[in-house]
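A.B. asks: Coordinates for the following, if possible.
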Amino acid sequence: MEHPRLLEHLARDFSLLRAAVVAAEPTAPVPTCPKWSVADLTRHVAQVYLHKTECIRLNAFPEAWPEDIPSDPLTALDRYYERLTSAFAEHSPTDPAATWHEPDQTVGFWIRRMALETVTHRVDAELAAGGPVSPVASDLALDGVDEVLTLFLGYGSTRWDDDFGSLLEAPDPRTLSVSTGHHAWTVRATPAGVEVREAATGLDGEALVSGEAEPLLLWLWNRGRDGDVHLSGDQALLDQFHALRTAATQ
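C.D. replies: Here you go, the predicted model:
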């Protein structure tokens, strides 16, 4: 997705997130984030925004916060969102920035990541507020599915294999497919990591996970229900994929 479009999504979903935070009680539990209150969620997003702003400013991971973070979570959220978007406006997406994805050390990586971080936590905030959950734009949801599979699962399983425990010690190497209709990926677990590739169709494996992009994205991030996506094929392979994607998105 083009970066201007990602910035549009970031602005929209931040506005929705903020509205949900204001509508909810600060102490209200967040159903999709066990042990977190709305205040905890708000503080977390604010700190994420500040951290990424510093990654851009320093072109390195910050060793400490540059300032005392406001005790009021909403104040912190507003302050650091403004700082983050100012950093995006002051830089080209191709400008250097420290990221956790070694092949992409650019500001553009954080534009994409923060748009997808924000929409996920916007859903969390709306669920906590008890109101309706706003739709996720289809193009953003599709990009988010790709990010979970290729970055968090594929890249993450090779970069941080300890996070996957024993899941990759002797995995089932058969292929599972993930499909959103016109877009598909194949997923194959190996001792060296999870291989994720784009595919022509979603019919290339012994098991299939399929659905529209929005419910599939939320399901991959453990924000949806099993009934929101279609699961078919070998159950052992589906169970392995569930364990792998849960490890990748913790």
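A.B. asks: Extract the C-alpha trace of the longest helix along the chain and format it as CSV.
C.D. replies: What stands out as the longest helix in the chain, according to DSSP state H, is helix 107-129. Taking Å, rounded to 0.1, in the frame of the first residue of the first chain, the C-alpha atoms of helix 107-129 are listed here in CSV:
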residue,chain,number,x,y,z
VAL,A,107,10.6,5.6,8.1
GLY,A,108,8.2,3.9,5.7
PHE,A,109,8.4,0.7,7.8
TRP,A,110,7.1,2.6,10.8
ILE,A,111,4.4,4.3,8.8
ARG,A,112,3.0,0.9,7.9
ARG,A,113,3.6,-0.7,11.3
MET,A,114,1.9,2.2,13.2
ALA,A,115,-1.1,2.2,10.9
LEU,A,116,-1.6,-1.5,11.7
GLU,A,117,-0.7,-1.1,15.4
THR,A,118,-3.3,1.6,15.7
VAL,A,119,-6.2,-0.2,14.0
THR,A,120,-5.6,-3.3,16.1
HIS,A,121,-5.7,-1.3,19.4
ARG,A,122,-8.6,0.8,18.1
VAL,A,123,-10.6,-2.4,18.0
ASP,A,124,-9.4,-3.1,21.5
ALA,A,125,-10.6,0.3,22.7
GLU,A,126,-14.0,0.0,21.0
LEU,A,127,-14.6,-3.4,22.5
ALA,A,128,-13.7,-2.0,26.0
ALA,A,129,-16.0,0.9,25.5
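A.B. asks: which residues sit against stretch 95-115?
C.D. replies: Here stretch 95-115 makes contact (Cβ atoms under 8 Å, 6 or more residues apart in numbering) with 1, 3, 6-7, 9-10, 13, 48-49, 52, 55-56, 58-61, 84, 87-88, 91-94, 140, 143, 147, 151, 155, 159. Where C-beta positions appear, they are placed from N, C-alpha and C, glycine not excepted.
A.B. asks: Go ahead and list the helix or strand containing Val131.
C.D. replies: For residue 131 the amino acid is Gly, not Val. Element membership for Gly131 (DSSP states H and E) is empty, with no helix or strand holding it.
A.B. asks: if I pick it, what's in contact with it?
C.D. replies: Shown in contact with Gly131 (Cβ under 8 Å, 6+ apart): Ala20, Ala23.
A.B. asks: Show the low-confidence segments of the protein, by residue range.
C.D. replies: 202 (pLDDT under 70).
A.B. asks: Show the residue spans covered by the helices in it.
C.D. replies: 3-23, 38-58, 73-90, 107-129, 138-147, 156-159, 213-220, 235-248.
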